[in-house]
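Chemist: Need the 3D shape of this:
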Amino acid sequence: MDDATTKTREQELMEQFKDGLDPAGATGLQLRIDELTAQNKTLNEELGLDEQEKIDLEEQAAKLQKDLDAANATIAALQAAASASKTSVKRGENAPKSRKIGPVGDGLTGDALTEALTKADQGGKKVEIVLSDGTREITGIAPIVVTGDVWRDHTLGKMLRDAVTVHGPANGQGGYAIDGYALLIDGKQVAYCKRSDVINVATGSTVNIADDIYF
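Modeler: Purely as a prediction, here's the structure:
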């Protein structure tokens, strides 16, 4: 077998184990499959080919391929679980002052939004969801900082999977009127979701927002 070919195939397999999982077993299986395939080809070209040996080699190669497929499926599941464990939805810190946050005319949607979220996650950029009264950030409600794939596809766009709890202000302070939600990447607003109706959060009350934040 050509060394360059072996290296290329090993590199392709190594791509699947970049999260730290041991690639030795699957790599060994692939190399053995290649070896058996080459032996089978040589035997096919020789006179007086032993048909039973040919059948045995084909069966061994098929079994090893099945084992490799099962190993790769297990690894994919482990990688998905590892990725899920890196996701989080948590409260951030209040901005030093209320930011101008409201509807935007050229916000990201669809594939452009998906790409921006993916690049932000890969690049370690902060992704925040900020609650707005329609013109400015609502002071008293800390931004929601999200990490990883915390979204699910919805007919309306990318919807936040987790519910968000909002607590009203303390006694003596006015309530909150939530007009919508803004999506910020590294402090820059890239999208806005305006609600069909305003959520009023009264003093001392608690509101649970579920399946409602999407962009």
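Chemist: Spatially nearest residue to Gln189 (excluding sequence neighbours)?
Modeler: Ala182 (5.2 Å; C-beta to C-beta, 6 or more residues apart in numbering). The C-beta positions use only the backbone N, C-alpha and C, and glycine is treated the same way.
Chemist: Before we move on, what's the pLDDT of the residue most central in space within the chain?
Modeler: By C-alpha atoms, centre = their mean, the chain has its centre lying nearest to Asp149, at 3.4 Å. The per-residue pLDDT reported for Asp149 equals 83.
Chemist: That one: what secondary structure?
Modeler: With DSSP: H, G, I helix; E, B strand; the rest coil as the basis, Asp149 sits in coil.
Chemist: got any ranges where the chain has weak pLDDT?
Modeler: The chain contains residues with pLDDT under 70 at 1-26, 43-50, 78-85.
Chemist: Which neighbours in the sheet does the longest strand anywhere in it have, and how are they oriented?
Modeler: Secondary structure of the chain per DSSP state E: the longest strand is strand 188-201. Strand 188-201 has these partner strands in its sheet, going by DSSP bridges: strand 176-185 (antiparallel).
Chemist: residues of the partner strand that come out buried?
Modeler: Tyr176, Ile178, Asp179, Gly180, Tyr181, Ala182, Leu183, Leu184, Ile185 (16 or more other C-beta atoms under 10 Å).
Chemist: Also stretch 140-158?
Modeler: For stretch 140-158, by 16+ other C-beta under 10 Å, it's Gly140, Ile141, Ala142, Pro143, Ile144, Val145, Val146, Val150, Trp151, Gly157, Lys158.
Chemist: Let's verify the second one: helix, strand, or coil?
Modeler: To tie it back to what came earlier, the one meant is Ile141. Assignment for Ile141 (three-state DSSP): coil.
Chemist: wouldn't it be in contact with Leu131 here?
Modeler: Yes. Using C-beta atoms under 8 Å, Ile141 makes contact with Leu131 at a distance of 4.9 Å.
Chemist: which residues in the chain form strands?
Modeler: 88-91, 127-132, 144-147, 151-154, 157-160, 164-167, 176-185, 188-201, 206-209.
Chemist: circling back to that earlier point, tell me which residues touch the residue nearest to Gln189, please.
Modeler: Ile101, Gly102, Ile129, Val130, Leu131, Ser132, Glu137, Gln189, Ala191, Tyr192, Cys193 (C-beta atoms under 8 Å, 6 or more residues apart in numbering).
Chemist: Just send the residues you listed back as TSV, with distance to Asp69 and neighbour count too.
Modeler: As requested, the contacts of Ala182 are exported to TSV (distance: C-beta to C-beta, whole Å; neighbours: other C-beta atoms under 10 Å):
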residue	distance to Asp69	neighbour count
Ile101	49	24
Gly102	51	16
Ile129	40	21
Val130	45	23
Leu131	47	25
Ser132	49	26
Glu137	50	22
Gln189	45	21
Ala191	40	24
Tyr192	45	20
Cys193	42	22
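Chemist: Quickly note the distance from the nearest residue to Glu93 once chain neighbours are set aside to Asp179.
Modeler: Nearest residue to Glu93, sequence neighbours excluded (C-beta to C-beta, 6+ apart): Ala142, at 6.3 Å. To Asp179, Ala142 is 17 Å away according to C-beta to C-beta, to the nearest Å.
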